[in-house]
Structure formats: structure tokens, C-alpha cells
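K.L.:
Return a 3D structure for these sequence lines:
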Amino acid sequence: MRITPKRRLGLATVLALFLALFGLAPAANAAPADLTFSVDSATTRPGETVNLSMTLTNNHTYDVLFVYQTITPTWLTTQRPDLKYSFSGCSLATATGTVPCSGTGPTDLGSNYGATIPPGQSRTVTLTLQIAADSGCNGNIGFYSYYYAEFSDQTNVSSGPVYTPETRVLCA
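P.N.:
Numbers count the residues shown, from 1 in each chain. Predicted structure coming up:
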């Protein structure tokens, strides 16, 4: 049996109607959350630090009640064992200043965004990346992230991988 383009369109329409009737179709929402990254320096030297900032913006019409985020080195970063670094600090920017992170660690940023995030507002978490004094040179350190957010209307969103800007380790 040959399936014609017209029949293919009919099958797709029937399937979409079935999914919509039984509530299985994806909800049509505006972008519910936006995760962006920045670094305070694109290059660094062994022994120095770089601040990696992550900003979560609530573009949904409901409050963000819960956020879970991971941050993991990229595959290329893991292939350079001579690049030595660690996260040496974590802070959350608030309306009254910065406060230490409250999550379970710099690679598991669960509660660090300080829920609740009202619609249209953002929270920024900054990780301090310490480059070891004996780190190798001429390599890029980069990360990727997955995140999951729950909203007060009982919906959720997950996204990733979202990639950070890379920091180049230079030597004099």
C-alpha cells in the first residue's frame, strides 16, 4: 500500500487530534524560563580566578517555585587532564546584595537561585572558578548545564544542554 502525501497529512492530523483530546499534546506556552551564562574574563592564567555567572529569567506568567540545575565540564575539557581547576565559591545576587549559595554544591545548583522567582524577574548565581597554579595552558575550560524548573501553576520545564562561554587558560 502506497501512502500518498495527502494520506500522510491525514494520519498526522488524526494523531494530533487524538493527542490533544486526551491531554497528551505539549502545552503551547511562551518560553517559561531562560538560562544565560557569562564570564568576567574570556582568558585567565594559572593561579587566577574567573567568575561564571548564570542568570535564570522567569518568562512564565507564574512564579518559579523550584529549580534544579547541574553544571558539568564539556567533553573537550575532560580530555585535557593538564587543565586543573575547581569551584572555589558560589554566590546569589539579591536585591540587598550577594549571599552565599545555599544548594548542595557548585555542580548541583538546586536551591541556589533562591525560589520564588516571580514572573519577569531574574536570579543570578555566580560560581568562582579557581585555576590551579600548576594547570596546563592553551586549553579551554567549558561547561554545559541541564535545568528543571517547577512553576506555581503546577507545570514544569526542563532544558539542556545549555553551554557556558569557554575560558582559555594562557601562559606567559
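K.L.:
pLDDT score for Ile131?
P.N.:
Predicted confidence (pLDDT) for Ile131: 93.
K.L.:
Correct me if wrong: it contacts Glu48.
P.N.:
Yes. Using CB atoms under 8 Å, Ile131 makes contact with Glu48 at a distance of 5.6 Å. For glycine as for every other residue, the C-beta is placed from the backbone atoms N, C-alpha and C.
K.L.:
between the two, which one's more packed in?
P.N.:
It is Ile131, of Ile131 and Glu48, that has more neighbours when counted by other CB atoms under 10 Å, with 23 against 16.
K.L.:
Which strand residues bridge that one?
P.N.:
Tyr85 (DSSP bridges).
K.L.:
Just list the residues touching it, thanks.
P.N.:
44-50, 84-85, 141, 169 (CB atoms under 8 Å, 6 or more residues apart in numbering).
K.L.:
Go ahead and build a PyMOL selection from the buried members of those.
P.N.:
In PyMOL, this line selects whichever of the contacts of Ile131 come out buried by 16 or more other CB atoms under 10 Å:
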select buried, resi 44+46+48+50+84+85+141+169
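K.L.:
Now render the contacts of Ile131 as JSON lines, adding pLDDT.
P.N.:
Formatted as JSON lines, the contacts of Ile131 follow (pLDDT from 0 to 100):
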{"residue": "Thr44", "pLDDT": "93"}
{"residue": "Arg45", "pLDDT": "94"}
{"residue": "Pro46", "pLDDT": "95"}
{"residue": "Gly47", "pLDDT": "95"}
{"residue": "Glu48", "pLDDT": "94"}
{"residue": "Thr49", "pLDDT": "94"}
{"residue": "Val50", "pLDDT": "93"}
{"residue": "Lys84", "pLDDT": "92"}
{"residue": "Tyr85", "pLDDT": "90"}
{"residue": "Ile141", "pLDDT": "91"}
{"residue": "Val169", "pLDDT": "92"}
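K.L.:
For the residue most central in space within the chain, give its distance to Thr126.
P.N.:
Nearest to the mean C-alpha position of the chain, by CA atoms, centre = their mean, lies Ser145 at 4.3 Å. When distance is defined by CB to CB, to the nearest Å, Ser145 is 14 Å away from Thr126.
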